[in-house]
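Peer 1: Take this sequence and fold it.
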Amino acid sequence: MAQLAVDRSFMPQYAKLEPKVRKAVEATFAKFAEHTHAGLHLEKINSAKDPRIRTIRIDQYWRGVVLAPAKGDVYCLVAVLGHDEAIAYARSRIFSVNQAIGVFEVRNQEALDRLEPALEKAAESSDYRLFEHVFDKDLVRLGIAEELVPLVRLLTRDEHLQALERLLPEAQYVALLALSDGMTVDQAWAEV
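Peer 2: Alright, predicted model coming up:
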């Protein structure tokens, strides 16, 4: 039987929802196990950055953003947003577990993809790299997603790193910020 779990980071958002919407979210949890089998009521998002993402109707306006499991039947509610905002959010994000620190993370991959050409252009005109003193394996050990290491290698200025603050998961940004402030890998680990 399918189950709907909730991501811990969703709880502050849940608390800010209007009481009527919170009740609709609660009703969705109750209905999910009863009526959801083989994806019933879950809508797959076309051209989503993360193929596991789905949305579920909460009411006429609100939609839940749900992460489908790679296997099994426990789904995870990560956000409740207005219809159009939920679709845009679901389409643009990648969801993962940070293997270094064991936390659920969300990153705005669509915005990172849009930013990458500008970072490539800036890197072409500079011999300096912000993280040239750090090995790839140490970046990964600090929790930087392996697929983001090439993007991190393009950074030439602190302003470039600051542009990533709202796009990266917090723990990854904190690690990079610590390194850019001159901390060693071990000191950055303590910050993370």
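
Peer 1: can you give me the helices in the chain?
Peer 2: With DSSP state H as the criterion, the chain has helices at 11-16, 19-35, 83-92, 109-124, 136-141, 149-152, 158-163, 170-180, 185-191.

Peer 1: Can you tell me which of those is most buried?
Peer 2: Neighbour counts (mean count of other CB atoms under 10 Å) averaged over each of the helices of the chain peak at helix 170-180, with a mean of 20. C-beta coordinates here come from the backbone N, C-alpha and C atoms, glycine included.

Peer 1: on that earlier part again, wait, which of the helices of the chain is closest to Cys76?
Peer 2: Minimum separation from Cys76 across the helices of the chain (CB to CB) falls at helix 19-35, 11.5 Å.

Peer 1: what comes into contact with that closest one?
Peer 2: Contact with helix 19-35 is made by 1-4, 14, 17, 41, 56-59, 62, 64, 75, 77, 80, as judged by CB atoms under 8 Å, 6 or more residues apart in numbering.

Peer 1: Same check on stretch 41-53?
Peer 2: Contacts for stretch 41-53 (CB under 8 Å, 6+ apart): 32, 35-36, 54-57, 65-70, 75, 87, 90-95, 109-110.

Peer 1: run the last query once more with 7 Å
Peer 2: Stretch 41-53 is contacted from outside by 35-36, 54-57, 65-68, 70, 87, 90-95, 109-110, using CB atoms under 7 Å, 6 or more residues apart in numbering.

Peer 1: Now it: average pLDDT?
Peer 2: Per-residue pLDDT values across stretch 41-53 average out to 93.
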